[in-house]
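Chemist: what follows is a protein structure lacking sequence information:
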């Protein structure tokens, strides 16, 4: 598990390979089983693969709740939210993101904070609440800048620009319908 965790950023394919060859029932320790579920969801998300099975992330959430491990619990809620978001269950996703934010709002985990705000911006954008989407994206931008994650900074700038374009398109449609 430690090796998979170390490879997560630089070689996510290798991390996934390690995790797939160590099934969760292999672990007798509850802490290792919870970490396995969290790491698997993290690497699947990083590789843009389906986040499943539910039972793994649910186990991680339950374990980290019992242990009062706010950072790991926040990550678990985040990935549960990403799972819901990928299935367009936006209300449930937003609830998981809010739970995650509540746990880490006062930390310096800027990258996770940026990801949460970015995903919340996406949800508001899907719902055509563009003002709230832009506000969330701008918060994400600040956190990504603080984390020095230049790729995410660029993606957020694109999301902000796309949202402004949607505002213009949407208001243009309304104006043309009024005439």
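Modeler: Structure received. Keep in mind that this is a model prediction, so the values were computed, not measured.
Chemist: next, count neighbours for the residue nearest to residue 137 when sequence neighbours are not counted.
Modeler: Nearest residue to residue 137, sequence neighbours excluded (C-beta to C-beta, 6 or more residues apart in numbering): residue 121, at 4.1 Å. For glycine as for every other residue, the C-beta is placed from the backbone atoms N, C-alpha and C. For residue 121, the count of nearby residues is 26 (other C-beta atoms under 10 Å).
Chemist: after the host helix or strand of residue 121, next one along is what?
Modeler: Using DSSP states H and E, residue 121 sits in helix 110-126. Next in sequence after helix 110-126, counting helices and strands by DSSP H and E, comes helix 130-147.
Chemist: on that earlier part again, so the residue nearest to residue 137 touches residue 143, yeah?
Modeler: No - counting by C-beta atoms under 8 Å, residue 121 does not reach residue 143; the two are 11.8 Å apart.
Chemist: ok, residues contacting the helix holding residue 121?
Modeler: Contacts to helix 110-126, defined as C-beta atoms under 8 Å, 6 or more residues apart in numbering, come from residues 74-75, 78, 81-82, 85, 88, 90, 93-94, 97, 100-101, 104-105, 107, 130, 132-137, 139-144, 146-147, 149, 152, 155-156, 159, 162-163, 166.
Chemist: for ChimeraX, write a command that selects the buried ones of the residues you listed.
Modeler: Per 16 or more other C-beta atoms under 10 Å, the buried members of the contacts of helix 110-126 correspond to this ChimeraX selection:
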select :74,75,78,81,82,85,90,93,94,97,100,101,104,130,133,134,136,137,139,140,141,143,144,147,149,152,155,156,159,163
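Chemist: ok, back up a step: flag every buried residue along the helix holding residue 121.
Modeler: Buried-residue list, helix 110-126, by 16+ other C-beta under 10 Å: 110, 112-125.
Chemist: next, count neighbours for residue 154.
Modeler: Counted with other C-beta under 10 Å, residue 154 comes out at 11.
Chemist: please consider this matter closed, and thank you.
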